[in-house]
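Student: What follows is a protein structure lacking sequence information:
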Ligand SMILES: *Cc1c(COP(=O)(O)O)cnc(C)c1O
């Protein structure tokens, strides 16, 4: 047998674009993970809002095992039953009439943006190419999506970038009014900005974008890669907001860890992707689609969706309890189970330090930027695990605060 692999191996053989934690998880079950040393963790990170039904959900494992023994891959030279079933379910449960499958959030957004350009080209000629997006937005890491995203640090050094892009301030109605015009082919927005700091859009803002898109014949794209598939408390956040986009992108939780993504749209818009205009070798892969179909079946129930709101309230109360003692949060916010705690005082911009310390206490949480702690547990995390996770977070904060106090008490 070859030598064992450890965290050290990462630095030796992997491209250094990530800085993974010091430990290596090897096993998961529900909302718990175990590392190579057998240390156990409560999972408030869900593989970045992906494992919304927890790890190794028995019904997902079952359908995947069955598919593994039947058929792995065909390509889009043929269609396949799991993809057709999944597409039918997505069209029955949302505004959409047509579905395109791919493998990641970035690819779904890439498809959405290309479709919007192509639709404008077909219907209005070649000069309606403008794409309006929001500052601090995150839409993926392909060159197009990273350029449309509103975080300059992610495009630095990658020029020349795709053109006719305009970034406006999120939740600012006047800025939207000023930016969206006859030259705009699409407006793309996350109903809740995830990576940008866990910031929900106001209903008035999404309504305004809808109104401006209608006025100027632009397509409204909702990037629901992070908030979609139940995390908002509705199957898709657009349903909770009561504002319907022309194109919606879904990934992350859609496969609960099996790579799969979808772009949803209307018949009219879909018509611009005629044969040959776009594609993906793996898009609609049968293994991915059986898993996603079961994920949607399990999440789109009144019990699971109502459970999101209950857990939101428990986490909010827990974070506020911690804050009443230690005062480290400026604000606790979010929608459903995409929650953020903005830091202040001694902990301003120290989100990563808290994440690292929490892991030592057996809790996995995320950052959203440098100043927000992001909490995205499974939608079905048992209440006992949730409370244990909050207790571990409190122990983490208590330790960090006492370290700061000890340092301050030292004579200069
Ligand atoms: C994660 C994310 C993406 C990118 O998804 P990938 O699967 O990493 O390509 C796009 N948009 C949003 C809102 C995301 O959170």
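Tutor: Received the coordinates, thanks. Only a predicted model underlies this, so the values are computations on that prediction, with no experimental measurement involved.
Student: Any idea how many residues pack against residue 89?
Tutor: 18 (other Cβ atoms under 10 Å). To be clear about C-beta, it is placed using only N, CA and C from the backbone, and glycine gets the same treatment.
Student: And it, how far from residue 226?
Tutor: 21 Å (Cβ to Cβ, to the nearest Å).
Student: Same question for residue 150.
Tutor: Taken as Cβ to Cβ, the span from residue 150 to residue 226 is 15 Å.
Student: ok, those two, which is more surrounded?
Tutor: Comparing residue 150 with residue 226 by other Cβ under 10 Å, the one with more neighbours is residue 226, at 29 against 21.
Student: looking at this, that one is in a strand?
Tutor: No. In this structure, residue 226 is coil, not part of a strand, as judged by DSSP: H, G, I helix; E, B strand; the rest coil.
Student: quick one, phi psi at the residue of the chain found nearest the ligand?
Tutor: Minimum separation of the chain from the ligand (Cβ to the nearest ligand atom) falls at residue 105, amounting to 2.2 Å. Dihedral angles of residue 105 (phi, psi; degrees, to the nearest 10) stand at phi -60, psi -40.
Student: The ligand contacts on this protein?
Tutor: Within the chain, the positions near the ligand by Cβ under 6 Å from any ligand atom are 104-106, 109, 138-140, 190, 194-195, 223, 225-226, 251-252.
Student: out of those, which are inside helices?
Tutor: Using DSSP state H, the subset of the residues of the chain next to the ligand located in helices is 105-106, 109.
Student: Okay, helices next: where are they in the stretch 251-400 of the chain?
Tutor: Assigned helices in the stretch 251-400 of the chain, in chain order: 267-270, 286-299, 302-326, 351-360, 383-409 (criterion: DSSP state H, counting those that start in this stretch).
Student: For the third one, enumerate the helices and strands it packs against.
Tutor: Right, the one you point to is helix 302-326. Here helix 302-326 touches strand 329-335, strand 338-343, helix 383-409, going by 3 or more Cβ pairs under 8 Å, 6 or more residues apart in numbering; DSSP states H and E.
Student: again, only this time at 6 Å
Tutor: The contact analysis (3 or more Cβ pairs under 6 Å, 6 or more residues apart in numbering; DSSP states H and E) places helix 302-326 against strand 329-335, helix 383-409.
Student: most neighbours per residue, which of these?
Tutor: Among the helices and strands packed on helix 302-326, strand 329-335 has the highest mean neighbour count (mean count of other Cβ atoms under 10 Å), at a mean of 20.
Student: any chance of the ones in helices among the residues of the chain next to the ligand in a markdown table, plus neighbour count and pLDDT?
Tutor: Output for those, formatted as a markdown table (neighbours: other Cβ atoms under 10 Å; pLDDT from 0 to 100):
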| residue | neighbour count | pLDDT |
| --- | --- | --- |
| 105 | 24 | 98 |
| 106 | 23 | 98 |
| 109 | 28 | 98 |
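Student: Now distance to residue 327 too, for those, in TSV please.
Tutor: Listed next are these as TSV, based on distance: Cβ to Cβ, whole Å:
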residue	distance to residue 327
105	36
106	38
109	38
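Student: Okay, now the unreliable bits of the stretch 1-150 of the chain?
Tutor: The stretch 1-150 of the chain contains residues with pLDDT under 70 at 1.
Student: Mind doing that once more with 50?
Tutor: By pLDDT under 50, the stretch 1-150 of the chain contains no weakly predicted segment.
Student: Show me where it has its helices.
Tutor: All helices of the stretch 1-150 of the chain, identified by DSSP H, counting those that start in this stretch, fall at 7-13, 46-49, 58-68, 81-93, 105-124, 143-148.
Student: coming back round to it: could you export the helices and strands packed on helix 302-326 as a markdown table, including distance to residue 12?
Tutor: Shown next, in a markdown table, are these (distance: least, Cβ to Cβ, whole Å):
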| stretch | distance to residue 12 |
| --- | --- |
| strand 329-335 | 38 |
| helix 383-409 | 30 |
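Student: quick revisit: save the helices of the stretch 251-400 of the chain as CSV, and put in distance to residue 52 and mean pLDDT too.
Tutor: Formatted as CSV, the helices of the stretch 251-400 of the chain follow (distance: least, Cβ to Cβ, whole Å; pLDDT from 0 to 100):
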stretch, distance to residue 52, mean pLDDT
helix 267-270, 27, 98
helix 286-299, 7, 98
helix 302-326, 9, 98
helix 351-360, 20, 98
helix 383-409, 14, 96
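Student: Distance to residue 69 for these - can I get that in TSV?
Tutor: Output for the helices of the stretch 251-400 of the chain, formatted as TSV (distance: least, Cβ to Cβ, whole Å):
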stretch	distance to residue 69
helix 267-270	33
helix 286-299	11
helix 302-326	28
helix 351-360	37
helix 383-409	32
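Student: From residue 375, how far out is the residue of the chain closest to the ligand?
Tutor: Using Cβ to Cβ, residue 105 is found at 20 Å from residue 375.
Student: Residue 144 too?
Tutor: 30 Å.
Student: of those two, who's got more company?
Tutor: Using other Cβ under 10 Å as the criterion, residue 144 and residue 375 rank with residue 375 on top: 29 against 19.
Student: And the residue nearest the centre of this protein?
Tutor: Nearest to the mean C-alpha position of the chain, by Cα atoms, centre = their mean, lies residue 226 at 1.9 Å.
Student: count of residues packed around the nearest residue to it once chain neighbours are set aside?
Tutor: If the residues on either side of it in the chain are set aside, residue 226 comes closest to residue 194, at 3.8 Å by Cβ to Cβ, 6 or more residues apart in numbering. Neighbour count for residue 194, taken as other Cβ under 10 Å: 26.
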